[in-house]
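Peer 1: sequence and predicted model, in that order:
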Amino acid sequence: MERRTFLKVSAAAGGALLIPVFGEAIAEEQLLNPMAVAFKKSLADAAMNAATKAGASYCDVRIGRYLNQFITTRDLNVENIVNTESSGVGVRVIAGGAYGFVATNVMTLDAVADAARQAVAIAKANARLQTEPVQLAPVKGVGEVAWATPFTRDWRSVPVKEKADMLIAANKAGMDSGASFMQSMLFQVNQQKYFASTDGSYIDQDFHRLWAPFTATAVDKASGKFRTRDGLSSPVSMGYEFLEPKQAHKVRAAGGVTTLYNGSYDLIEDARAAGKQAKEKLTAKSVEPGKYDLVLSPEHLFLTIHESVGHATELDRVLGYEANYAGTSFATLDKWQSKNFQYGSKIVNFTADKNAPTSLGCVGYDDEGVPAKRWDIIKDGVLVNYQATRDQAHIIGEKESHGCSFADSWSSVQFQRMPNVSLKAGAKKLTPDELVKDVKKGIYILGRGSYSIDQQRYNFQFGGQLFYEIKDGKITQPLGDVAYQANTQEFWNACTAMCDERDWRMGGSFFDGKGQPSQVSAVSHGSATTRFNGINVINTARKIA
Amino acid sequence: MKLLNQEEAQRIAGKVMSLSKADECRVSISGSKRGNVRYARNSVSTAGQVQNTQLAVSVAFGKRQGTASVNEFDDKSLEKAVRRAEEVARLAPENPEFLPAIGKQDYKPSATYNPNASAFDPEYRAEVAFQSIDAARKKNLVAAGFFSDVTGFECIANSNGVFGYQELASLNFTVTARTEDGSGSGWVSRAAYDPKKFDARAASEVAIEKALRSVDAKALEPGRYAVILEPSASSDLLNYMFNAFDARAADEGRSFLAKKGGGNRVGDKLFDEQVNVWADPWDPDAPVLPWDQQSMLARARTDLIRNGKVASLEYNRYWAQKQGKAATASHGNIIMAGGSKSTEELIASTKKGILVTRTWYIRMVDPQSVLLTGLTRDGTFYVENGQIKYPVKNFRFNESPVALLNNIDELGKPMLIGEADSRFRMMVPAMKVREFNFTSKSDAV
């Protein structure tokens, strides 16, 4: 599930500003002080020794330092600049076959050893209620290793003024080209995560992520109508170089309706286009409801993939661990066991990949010390696997974990989270323009809009940012009030064509929520422009009093 | 560290303000002890407790503002936080919409804390999980639930003499009971300030009964139906709508409350005249802090909808000044008037309709009309001649709360809504509504 509260700031209807401020606000220059590895190792050893001595059969220690900088702007004003930091230690143990977890922000040898002993006590208490002991799939200790997100320009050393100026320039470009109002934001994240376990791993990782979303709003006061157009960029695991646009990274959308981006992002250019397009949306033709062939751009399709394939194949949901909140899944174990459950058409292939460069889910190791890997989830349309952690691998007959464990903070307990799940590009050479040529009655949809899916991932409804009518192989005009409704299995079985590797790129969710209490994670989904035949489109225009 | 009492909080806030060299200084301190227990597959999966106290100091030089926070309270740490906020303020660009700190306010206390909340501890939580799982097991059902509690305090102060301190405590509980084969599912939600008003087993029995009755649901064709929405089924829809009760968005033409040609729709009758909604920090059933944390303005009892007419919109201080209006504190709660009937009594007076327990994954489709989409979940039943006849498969809806509040037949007794995902504390009645727009079927159980 995409968490909506974090995005309230860009909702045209609301005045509220809700940013996931987490941790302490700190001065800009303090962002760059690292925590010494030797110090982290000594804390981890203290915790693991105390846990083992107290009777734990397993212990892992996560030492985290989480840095964020958020900049929010409205029209030509910088509304807020927030620097936050949060550091602490989370200790997870297994004792008597049950888990125990305790976290502390006091980073001394005594405090972490004490936390470890408390975790063992909790595990022993939980063990009395446990029906089946925890079974961890084996993982080989890797000794002392390090991994970091590759980047060329560290967002932490870019002056705040440069970033604020860029956002204001984007807002100005949007307003100059037709928007009545602009809101833009820059989310920057650095997670320094140290993991150690009694399996013999000491893993030091450094993650960097960015997202620069915006909303252009066009208002026609005379008719009382307003329309918005959000940015078309994706969040990435990269440095600030992502926001230094390169011509080679610009992608022409089918029919040249707009410019898309892959590799770096021209925020100002996209804002300029958004101002113009938001204004165009005020007079776009209202869609005639009915069946259409949909041509979905990767900037749109990622969210449909996220909701209908990513979440549906999470093993914890399948097993019922999320039944009370996020829900369960229609992709039940018997369907997987049958080896012939046709999730999609024969050309539909989904791969989970924790290694994809620049993707939000790219890591060296997960939060259980399992090396990042790649595996098939849907092959030739058939459901072949799920997403699992160490304690789930045995349930689906896997000898090792998929490496899908993640916690959003040192103070949160790790659990199964979605890896990047991506749709493979088509094998045959095909460009978006060529794809459109074969469509008689269709709609080309770009950008992420409204999204909703049921708790077992059957029935979904998606909107978008830009909609264009396709008639007899040609893009004719912009459309408005478009949303499509489908059933997951029917939708993926209606997939008839996809563009080739040249058109493949990723979109992503920066604040994907799951669990109680809710934790956020970031994940990407790649695809090429893809066609779906005969999908039900509804008209969303309504008149109210 | 332990939770601060009023004297301790006041001393620390005073110390921070005395350290500041800026034009003005605002301080907020909040402390909480949060506990939870989570279970699934009839077994506890996680249980935890987190205690934290945090101080945020915000200073301004002219229209440049900076904020820093700290969770250590010795003099040196406090001084560091103040200096840090001052550094950030000096580096920040001027905010043309910045307004100086407000003057002294009169905060009339509200009953956000109940002394019975001292009962919250790991044993209490384990007992909640046990009662709920045990009740489910006895009926061969599988329970997944989450109980969370919080006790704490909030304190605000500024260099113009504003000071407020108040304690709070509350609990939230939800459980889903499912049949072992996954063919039936029932859910319940409970919220309370006083643990004595919460009974985990009785609450779980509601979910259990719904799970048992929901097996072998029949599929009805989508379309417009009369519905009985339990309070938790409509609260999230209303929440979206009340987020738009903002004068600036309306005056700027970007909300459903914008008037054609300019201005807003205060005074217009947009809803059925049975609809009365207000905010009231002192409501005995849903009390909230008597101030708004951000502006520090004192909250007042305020009508939002009176006899179906839009009665007021929120004006933040900047927009109020610009429009020549009085600034309003952000509301903390939303109370919707109802009647005295229980949901069962509403069912008894229904000829034909659909009872909806819960709605799920609600998202804005079009803010112009507040068109929302989402699905029913965990207990959807066909009602005929005053009785539940059979369970029905879930539906997706595309409906606006504005239309919903125009189509009201009858209102039931208001209930306190759980706190997850909502900006407001809400009291919402069960509602019998005409012509609710179900647009497709869902196979999800």
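Peer 2: Yep, it's here.
Peer 1: so who does residue 403 touch?
Peer 2: Since no chain was named, I'll use chain A. By Cβ atoms under 8 Å, 6 or more residues apart in numbering or on different chains, the contact list for A:Gly403 reads A:354, A:363, A:365-366, A:368, A:370-373, A:419. Using the backbone N, CA and C atoms, a C-beta is placed for each residue, glycine as well.
Peer 1: was after chain B, sorry
Peer 2: Contacts of B:Ala403 by Cβ under 8 Å, 6+ apart are A:542, A:544, B:435, B:437.
Peer 1: what is the burial count for the first one?
Peer 2: A count of nearby residues for A:Arg542, using other Cβ atoms under 10 Å in any protein chain shown, gives 19.
Peer 1: give me phi/psi at the closest residue in space to it that isn't next to it in sequence?
Peer 2: Leaving aside its sequence neighbours, A:Arg542 sits nearest to B:Ser369 (Cβ to Cβ, 6 or more residues apart in numbering or on different chains; 3.9 Å). When read as degrees, to the nearest 10, the backbone of B:Ser369 gives phi -120, psi 10.
Peer 1: next one, pLDDT for B:Ser369 please.
Peer 2: For B:Ser369, the pLDDT comes out at 97.
Peer 1: would you agree it is in contact with B:Ala258?
Peer 2: No. If you go by Cβ atoms under 8 Å, B:Ser369 and B:Ala258 don't touch, sitting 11.8 Å apart.
Peer 1: about what we covered before: of the contacts of B:Ala403, which one scores lowest on pLDDT?
Peer 2: Scoring these by pLDDT puts A:Ile544 last, at 84.
Peer 1: which parts of the stretch 151-300 of chain B are helices?
Peer 2: In the stretch 151-300 of chain B, the helices defined using DSSP state H, counting those that start in this stretch lie at B:200-213, B:231-242, B:247-251.
Peer 1: hang on, the earlier thing: any idea how far the residue nearest to A:Arg542 is from B:Arg363?
Peer 2: 14 Å (Cβ to Cβ, to the nearest Å).
Peer 1: in chain A, which helix or strand is least confident?
Peer 2: Scoring the helices and strands of chain A by mean pLDDT, DSSP states H and E places strand A:24-25 at the bottom, with a mean of 52.
Peer 1: hmm, back to that, closest one to chain A among the helices of the stretch 151-300 of chain B?
Peer 2: Judged by Cβ to the nearest Cβ, the one of these that comes nearest to chain A is helix B:247-251, at 5.3 Å.
Peer 1: I'd like to know how many residues surround A:Phe70.
Peer 2: With other Cβ under 10 Å as criterion, A:Phe70 counts 19.
Peer 1: re the thing from before, which SSE is immediately downstream of the least confident helix or strand of chain A?
Peer 2: helix A:37-53 (DSSP states H and E).
Peer 1: after that next one, which helix or strand is next?
Peer 2: Using DSSP H and E, the helix or strand that follows helix A:37-53 towards the C-terminus is strand A:58-74.
Peer 1: can you give me the angle that next one makes with helix A:37-53?
Peer 2: 130 degrees (axes from the mean of the first three to the mean of the last three Cα atoms, to 10 degrees).
Peer 1: run the chain-centre distance for strand A:58-74.
Peer 2: 16 Å (Cα atoms, centre = their mean, to the nearest Å).
Peer 1: whatever helix or strand comes next after it and chain B in contact?
Peer 2: For strand A:58-74, the succeeding helix or strand toward the C-terminus, using DSSP H and E, is strand A:77-95. Yes. Counting by Cβ under 8 Å from any Cβ of the partner chain, chain B has neighbours in strand A:77-95: A:77-79, A:81-83.
Peer 1: most neighbours among those, which one is it?
Peer 2: A:Asn83 (26 neighbours).
Peer 1: and that one, what are its bridge partners?
Peer 2: Using DSSP bridges, the beta-bridge partners of A:Asn83 come out as A:Gln69.
Peer 1: picking that back up, tabulate the helices of the stretch 151-300 of chain B (JSON lines), appending mean pLDDT, distance to B:Phe98 and mean neighbour count.
Peer 2: Output for those, formatted as JSON lines (pLDDT from 0 to 100; distance: least, Cβ to Cβ, whole Å; neighbours: other Cβ atoms under 10 Å in any protein chain shown):
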{"stretch": "helix B:200-213", "mean pLDDT": "98", "distance to B:Phe98": "47", "mean neighbour count": "20"}
{"stretch": "helix B:231-242", "mean pLDDT": "96", "distance to B:Phe98": "27", "mean neighbour count": "23"}
{"stretch": "helix B:247-251", "mean pLDDT": "97", "distance to B:Phe98": "16", "mean neighbour count": "23"}
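Peer 1: distance to A:Gln191 for those helices - can I get that in CSV?
Peer 2: Converted to CSV, the helices of the stretch 151-300 of chain B look like this (distance: least, Cβ to Cβ, whole Å):
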stretch, distance to A:Gln191
helix B:200-213, 37
helix B:231-242, 31
helix B:247-251, 34
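Peer 1: give me phi/psi at A:Thr259?
Peer 2: According to degrees, to the nearest 10, A:Thr259 has phi -100, psi 140.
Peer 1: contacting residues for the closest residue to B:Glu419 other than its chain neighbours?
Peer 2: Excluding the flanking residues, the one nearest B:Glu419 by Cβ to Cβ, 6+ apart is B:Asn172, at 5.4 Å. Contacts here follow Cβ under 8 Å, 6+ apart; on that basis B:Asn172 touches B:147-149, B:189-191, B:418-420.
Peer 1: poorly predicted segments of the chain, please.
Peer 2: Picking chain A for this. In the predicted model of chain A, residues A:1-34, A:545 satisfy pLDDT under 70.
Peer 1: looking at chain B here, not the other one
Peer 2: B:1, B:421.
Peer 1: outline the domain layout of it.
Peer 2: Annotated domains of chain B cover B:6-206, B:216-445 [automatic domain parsing].
Peer 1: got the end-to-end distance for the first one?
Peer 2: From the first residue to the last, domain B:6-206 extends over 41 Å; the measure is Cα to Cα, to the nearest Å.
Peer 1: hang on, the earlier thing: show me which of the contacts of B:Ala403 are buried.
Peer 2: A:542, B:437 (16 or more other Cβ atoms under 10 Å in any protein chain shown).
Peer 1: out of the contacts of B:Ala403, which are inside strands?
Peer 2: Judged by DSSP state E, strands contain the following of those: B:435, B:437.
Peer 1: is the host helix or strand of B:Asp409 positioned near chain A?
Peer 2: Using DSSP H and E, B:Asp409 sits within strand B:408-416. No. Strand B:408-416 stays clear of chain A (Cβ under 8 Å from any Cβ), getting no nearer than 13.4 Å.
Peer 1: and the contacts of that strand?
Peer 2: With Cβ under 8 Å, 6+ apart as the test, strand B:408-416 has contacts from B:191-192, B:226, B:231-232, B:272, B:274-275, B:285-286, B:335-343, B:345-346, B:349, B:425-434.
Peer 1: starting at the chain centroid, how far to that strand?
Peer 2: Worked out by Cα atoms, centre = their mean, strand B:408-416 lies 17 Å from the chain centre.
Peer 1: can you list the strands that it pairs with?
Peer 2: Counting by DSSP bridges, strand B:408-416 is paired with strand B:425-441 (antiparallel).
Peer 1: now the partner strand: buried residues?
Peer 2: Going by 16+ other Cβ under 10 Å, strand B:425-441 has these buried residues: B:425-434, B:436-441.
Peer 1: repeat for stretch A:322-339
Peer 2: So for stretch A:322-339, counting by 16+ other Cβ under 10 Å, buried means A:322-332, A:335-336.
Peer 1: of the residues you listed, which is the nearest to B:Pro122?
Peer 2: A:Asn324 (20.1 Å; Cβ to Cβ).
Peer 1: ok, the residue nearest to A:Arg542 - contacts?
Peer 2: A:541-544, B:256, B:400, B:402.
Peer 1: now those residues in CSV, with distance to A:Ala56?
Peer 2: Formatted as CSV, the contacts of B:Ser369 follow (distance: Cβ to Cβ, whole Å):
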residue, distance to A:Ala56
A:Ala541, 60
A:Arg542, 58
A:Lys543, 64
A:Ile544, 60
B:Phe256, 57
B:Ser400, 55
B:Val402, 57
